[in-house]
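*Asks:* I would like to see how this sequence folds:
(2 chains)
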Amino acid sequence: MAGIGLFATLYSQQFRLGDLKQMGPGFFPTTIGILLIVFGLLVAIPAFFRQGTPIKFETKSFVVILVSIVLFGFLLHPLGLPLAAALSSFISTFAGKKPLKTKILISISIAAITYCIFILGLAMSIPSWPSLFDS
Amino acid sequence: MDTSLLDGLAIGLQATLSLEMLLYCFIGVFLGTLVGVLPGIGSLATISLLLPITYHLQPVGAIIMLSGVYYGAQYGGSTASILLNLPGHAAAVVACLDGHPMAKQGRAGVALFMTTIASFVGSMLGIVVLVLFSPAIAELGLEFQAAEYFSMMVLGLIAASTLSSGSPAQGICMVLLGLLLGTIGTDVNSGVTRFDFGVTELMDGINLVALAMGVFGIAEVISSITKMRGTKASEKVSLRSMIPTKSEFKQSIFPMLRGTSVGAFFGALPGTGPAISSFMAYAVEKKIAKDPSRFGKGAIEGLTAPESANNAAAQTSFVPTLSLGIPGDAIMALMLGALIIHGIQPGPMLISSQPELFWGLIVSFGIGNIMLLILNIPLIGVWVSILRIPYELLYPAILIFISLGTYSVNNNPFDIYVVAALGALGYCMALLRFDAAPLLLGFVLGPMMEENMRRALILSRGDIATFIERPISAWLLGFTAVILLFAVFRVLIEFLRNQLTRGKDNGEMRSVP
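*Replies:* Model prediction:
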């Protein structure tokens, strides 16, 4: 089932990591790599022989959340904190089921809150407005 | 150790009895209770979120606040368990078993009141254990050399991975993965960068905050969004409904004390924390009860004993961290990270070299717990109403806080991408029932372990037998072997049992062990 497939991919990744170890002052990493292969197999092999329980992968939440985080990282420097926060939290609300009005309201208030806490309150050095307007 | 107990407490009082420290302590326990009450955001995520903010504070205040979040969350965690049957964090799972039935019988108020009392008793006695044992263990720790440290860390990691939830092999995999992630970056001994894949940002290694937030924070948010839809607390809890009857109170005294001792013991062991303690305490109560069938139907002992246990464990888990510099669980690993970031080298010297930190922290635990008692009993209604805030309003804010918190560590957007990647990884692992806590522990201990192993081998001129020849080290490794054997034994038994049931009814689907 789906679980078994995922198990396999997860472990193939670990094997690759395990073989990369020859580089550098790598006694410690090599040891760990080998151990990881052994234990990875110990988990994976029995997993193939038993019926997996179906796994519910929340694809929508997964994608929406990750996109909004990456977007935030991407926009933070060019747009500044409040705008980036508003945009990416707006996107993240699409994982839920609220009317559009609420979504906009949520993202605006989050932008305001983060601005107050992090820039006014803690005086962190974060770009606060689009760099175009800075002279 | 030339400072006696009373001197120590005096130092601690001096260090904490300022308005500033009390404020940090209050913020800590307040936030802790808040995130404890709210399912879908745990104390680990909160502490990693606060970590970058504490860079600007002085170390004692920072640690006081972060610890406050930790034990504060132990108080709050049971609220959602009782009212919604939705545990606020792992240690509160047990509180669902008898707490929720009590709420269904209309005894929610009593349940909430008694958990607070039980938490308070457990914590206070846990602090006593912490005070009595830490200096002694630190003294023992002074004799530790590299070999002993290495063996102790092996013990901690094996204990954490095999005794925690899920299968031991999966736990060990996570530890190993954590160790591997810990090797990313520049090697301290040779200056060679490892596993940076040509990415400049990876040369300093993965950021602890990014790892913790990704694996715990983001993963929690993704899996909570759908889970939380449509759950609402409808109960109104009045102060009057909270007063327990005399017999309910009497019934709880011994369970609380038993729970505390179970918790204090498992908390101090490396690798076992509040979650395991609360399960153990529940099992103990059920075993010695005259009528075990009452459990699961609202037995008050089933609620108070585990609640005392997890709070006692939360306090005593500071023992190995403060006295040896070896964290027992993922949260302690974060605390240790916080200490190191503030330039304090944890280890057996900590108590004598930083008395105001050690004793200040202990006094702050006492004060914090009193604050929690005050916060929890009259304000229980407030916490209950917080449960009515829909999660859909909360999680976008949590996400932004997580991203921003990570960013602020290095002021580099790259860390935000790391969080996203680790969050994806963390979510997949959680789906496959891999516990992320051993991973974090391995990540923090990895570099220390490598360094101590190398140092031990240099001291012994490459003779690997040094780990067995030195008595303390041999004991620690022997204990590790026992735990491992026990785990193998458990798996074998389970396997055989499964084989038997399979023989009986072929083709029926079995649960994953």
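*Asks:* gap between the nearest residue to residue B:437 once chain neighbours are set aside and residue B:126?
*Replies:* Counting by CB to CB, 6 or more residues apart in numbering or on different chains, residue B:437 lies nearest to residue B:330, which is 4.0 Å off, once chain neighbours are set aside. (Glycine included, C-beta is placed from N, CA and C.) As for residue B:330, its distance to residue B:126 is 19 Å (criterion: CB to CB, to the nearest Å).
*Asks:* more neighbours: which of these two?
*Replies:* When residue B:330 and residue B:126 are compared for neighbours, residue B:126 comes out ahead with 31 against 27, by other CB atoms under 10 Å in any protein chain shown.
*Asks:* that one contacts residue B:265, correct?
*Replies:* No - Residue B:126 is not in contact with residue B:265 according to CB atoms under 8 Å; the separation is 10.5 Å.
*Asks:* intersection of neighbour lists for these two?
*Replies:* Counting by CB atoms under 8 Å, 6 or more residues apart in numbering or on different chains, the residues touching both residue B:126 and residue B:265 are residue B:316.
*Asks:* what helix or strand is residue B:101 on?
*Replies:* Taking DSSP states H and E as the definition, residue B:101 sits inside helix B:93-104.
*Asks:* from the contact counts, what lies against that helix?
*Replies:* Using 3 or more CB pairs under 8 Å, 6 or more residues apart in numbering or on different chains; DSSP states H and E as the contact definition, the elements that helix B:93-104 packs against are helix B:59-84, helix B:108-141, helix B:274-288, helix B:301-316.
*Asks:* ok, and what's touching it?
*Replies:* B:77-78, B:81-87, B:108, B:110-111, B:115, B:235, B:275, B:278-279, B:281-282, B:295-300, B:302-303, B:306-307, B:310.
*Asks:* write the PyMOL selection for whichever of those residues are buried.
*Replies:* Buried members of these can be picked out in PyMOL with the line below, counting by 16 or more other CB atoms under 10 Å in any protein chain shown:
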select buried, chain B and resi 77+78+81+82+83+84+85+86+87+108+110+111+115+235+275+278+279+281+282+295+298+299+300+302+303+306+307+310
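*Asks:* state the distance from the one residue in chain A that gets nearest to chain B to residue B:418.
*Replies:* Ranked by CB to the nearest CB, the top residue of chain A for proximity to chain B is residue A:73, at 3.2 Å. As judged by CB to CB, residue A:73 and residue B:418 stand 9 Å apart.
*Asks:* one more: residue B:49?
*Replies:* Applying CB to CB, one obtains 15 Å for the distance of residue B:49 from residue B:418.
*Asks:* for the helix holding residue B:101, buried residues please.
*Replies:* Neighbour counts over helix B:93-104 (16+ other CB under 10 Å) mark B:93, B:94, B:95, B:96, B:97, B:98, B:99, B:100, B:101, B:102, B:103 as buried.
*Asks:* so the residue of the stretch 401-513 of chain B at minimum distance from chain A versus residue B:49, what's the distance?
*Replies:* The stretch 401-513 of chain B approaches chain A most closely through residue B:416 (3.2 Å), counting by CB to the nearest CB. When CB to CB is the yardstick, residue B:416 and residue B:49 sit 14 Å from each other.
*Asks:* between those two, which one's more packed in?
*Replies:* Counted by other CB under 10 Å, residue B:416 and residue B:49 do not tie: residue B:416 has more neighbours, with 26 against 23.
*Asks:* tell me the contacts of the nearest residue to that one once chain neighbours are set aside?
*Replies:* Spatial nearest neighbour of residue B:416, chain neighbours left out: residue A:73 (3.2 Å); criterion: CB to CB, 6+ apart. Contacts of residue A:73 were listed using CB under 8 Å, 6+ apart, and they are B:403, B:407, B:413, B:414, B:415, B:416, B:417, B:420.
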